[in-house]
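> got a sequence here, can you model it:
(one chain, ligands or ions: 1)
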Amino acid sequence: MNLFTESNLSPDILKAVGELGYESPTEIQKQTIPFILSDIRDLIALAQTGTGKTAAFSLPILDMIDDTSRKIQFLVLCPTRELCLQISKDIKNYSKYMKDIKTTAVYGGSSIMDQIRSLKDKPQIIVGTPGRVIDLINRKALDFSAIHWLVLDEADEMLSMGFKDELETILRETPETKQTFLFSATMNKEVERISKNYLTKPHRISVGSINEVKKNIKHEYYVVGYRNKKEALKRLIDSNPNQYSILFCRTRMETQEVADFLMQNGYAADALHGDLSQAQRDTVMKKFRLKNIDILVATDVAARGLDVDSLTHVIHYSLPDDPEVFVHRSGRTGRAGKDGISISLIKPEESRKLKQIRSQTKIEIVEKIIPTGQEVIKAQVGCVFEKLLTEHEDIFEFDDSLIPDLSAFTKEELVHKLLQFQLKDLALYYKDKHDLVEQKFSSRDDDYPRRDRDRGRDRDRDRSRGDRDNRSGDRDRGGRERSGKPRRKNEDMVRFFFNLGKKDQLKKLDVLDIINKATTPAGGSKKRAEIGDIEILEKFSFFEIEKSFKGELLNNIASMKFKGKDMRAEEAN
Ligand code: AMP
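Numbering: from 1, shown residues only. Now for the predicted structure:
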């Protein structure tokens, strides 16, 4: 099958796909479409985002779906709201000419009542995040008795977000006769275990990684502490003029913060993240494609839908946890035969992460030192000359009589004056700037024992825990037994940034209460999340909870309020 027209897909689907500009199927589509159309076995497909996997599973299923029935036949589970919206939009596009087919997306952080209302339309296709699907099952809003196809998309991601219980419940609550397709970028133990327990003799497909390490990308890293990070970024951008780049951050908030910083400093930058509406995201992506902005500051998830070939740089403002993500991010530059540069800003305590990326990806990442002001100016001068000598187009008519008598100056003096003029603002900015003190991987490095400062933090934490326990006896407000229970090790916990703080009259007990509510299902029978450190600062706070509750907490907290204020939590670095 080299062209879609050679497949057995119905004319309605082919027409929609043709309008989207798809001509030949991607590798995963070549393998998956004929399989799903003709086989009744379950499937495990190892494929990354960007390989065309949404069309790979949805086109053949759309071809076989019964449009005379108004029962749910096809369920897609995926890890995030963004992906959920993206997949349902894709499926709606593919089924554009199938007038009786309806698709509904259900995800956390949005009104459940609105979603229950939209289910009254009787869609045959549901795309949902696991937490919200479980909520809807509990409210008896979903009838899964006629499910024929179940897709677990980005299964590894869903499991690492702590959706294991939800997935198992859904796999059990759907008919045994269904065909299950598991898509995952990696095959780890958890994914293997789910496959072994819930899939029957699955057929396996693996598509060559799109994340192959490219040789034409130069990788550099700079060690810089949190305090100097933005200034270091400014210097790196200034010393790499004329860049067209994506700058990756870990959280939505960090993304917005960095984009705001760049915009305030006069760069043509903008932010792309999940807190923006779809229309806002479309506008930013359009501006970036048209090169009205040169630096796009984005989260990994939000940048997914964006496909541009001519990026000069990728900047890892924050390192990802997963080395595959590092390769995937970096691979966005160096496309279409061009060279690319990948720049990583690494905190002094992140050496282990860097080591892991290097050893797993075998990429050579070279340490560099943040440029001094002088070096920035040097790079800019080089860029002025490069442009001067390579751009030959005369844009306007120039009458030599306009040039005053310059005979008092030598050629060098004139060049010097023009450069001073051209680079005046930049030179003034860097005039009194100190060099950013060279940072080294610190003793706070993950590989070393923690420093005294951390011990101090632990003392504070113990004190605050003592406070809490004293106020609530041996049980906290959620009724959780605290005494005698060993505290979990740090790697089992995840730290969140929380948008409310002292100014909102937030107290530790309130945070405990909020965590309990956000991680306890309506029935209240389930195991409760372990809670770690809680730090309440003036405008915001931090708290730690057991990692496996991360997905549930994120899903629920977005629809909760504290004293009338919206709540927002994000994983903290
Ligand atoms: P996905 O991996 O499903 O997120 O798809 C990645 C991108 O590739 C999306 O923007 C799709 O619209 C696009 N795409 C999927 N299949 C094809 C195809 N056969 N030809 C061209 N583009 C495609």
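> going forward, measure contacts between C-alpha atoms and count neighbours the same way
OK.
> can you name the next helix or strand after the least confident helix or strand in the chain by mean pLDDT?
The helix or strand of the chain with the poorest confidence is helix 452-472; it has a mean of 38 (mean pLDDT, DSSP states H and E). Using DSSP states H and E, the next helix or strand after helix 452-472 towards the C-terminus is strand 493-498.
> can you name the next helix or strand after that next one?
helix 508-519.
> name the residues of that following helix that come out as buried.
Lys508, Val511, Leu512, Ile514, Ile515, Asn516, Lys517, Ala518, Thr519 (16 or more other CA atoms under 10 Å).
> of those residues, closest to Met113?
When these are ranked by distance to Met113 (CA to CA), Ala518 comes first, at 17.8 Å.
> how near is the closest one to the ligand?
Distance of Ala518 to the ligand, given as CA to the nearest ligand atom, to the nearest Å: 30 Å.
> need the max-distance pair from the buried residues of helix 508-519.
Lys508 and Thr519 (16.5 Å).
> which ones are touching Ile355?
Slight slip there: residue 355 is Lys, not Ile. Applying CA atoms under 8 Å, 6 or more residues apart in numbering to Lys355 gives no contacts.
> actually His219, sorry about that
His219 neighbours (CA under 8 Å, 6+ apart): Ile341, Ser342, Ile343, Ser344, Ile363, Glu364, Ile365, Val366.
> doesn't the second one fall inside a strand?
It refers to Ser342. Yes - Ser342 sits within a strand when classified using DSSP: H, G, I helix; E, B strand; the rest coil.
> what comes up buried for stretch 1-10?
Buried, per 16+ other CA under 10 Å, within stretch 1-10: Phe4, Thr5, Ser7, Leu9.
> thinking again about what came up before, most neighbours of all the contacts of His219, which one?
Greatest neighbour count in the contacts of His219, by other CA atoms under 10 Å, goes to Ser344: 28 neighbours.
> for that residue, give me the pLDDT.
Note on Ser344: pLDDT of 97.
> touching, it and His316? I think so.
Yes - between Ser344 and His316 there is a contact at 4.6 Å, judged by CA atoms under 8 Å.
> state the mean pLDDT of stretch 58-71.
97.
> how about it and the ligand, any contact?
No - under the criterion of CA under 6 Å from any ligand atom, the ligand is not reached by stretch 58-71; the shortest gap measures 9.6 Å.
> what residues does that stretch touch?
9-10, 13, 33-34, 36-37, 73-74, 91, 94-95, 100-101, 122-124, 143, 146, 149.
> tell me the buried residues in stretch 237-251?
Ile237, Asp238, Ser239, Asn240, Tyr244, Ser245, Ile246, Leu247, Phe248, Cys249, Arg250, Thr251.
> kindly report the same for stretch 255-266.
Thr255, Gln256, Glu257, Val258, Ala259, Asp260, Phe261, Leu262.
> looking at this, Pro404 is in a helix?
No - Pro404 sits outside any helix when classified using three-state DSSP, being coil.
> quick check: it vs the ligand, distance?
With CA to the nearest ligand atom as the criterion, Pro404 and the ligand are 56 Å apart.
> backbone dihedrals for that residue, please?
phi -70, psi 180 (degrees, to the nearest 10).
> Glu82: which of the buried residues of helix 508-519 is nearest?
Ala518 (20.5 Å).
> does Ser184 really touch Ala47, like I thought?
Yes - between Ser184 and Ala47 there is a contact at 5.9 Å, judged by CA under 8 Å.
> pLDDT weak spots in the protein?
208-214, 305, 336-337, 437-490, 521-526, 573 (pLDDT under 70).
> what parts of the chain come near the ligand?
22-26, 49-55, 305.
> just give me the neighbour total for Gly331.
Per other CA under 10 Å, the neighbour tally for Gly331 reads 24.
> I meant Pro11, not that one.
Using other CA under 10 Å: Pro11 sits among 12 other residues.
> what does stretch 272-281 contact?
In contact with stretch 272-281 (CA under 8 Å, 6+ apart) are residues 82, 252, 255-256, 284-285, 296-299, 301-303.
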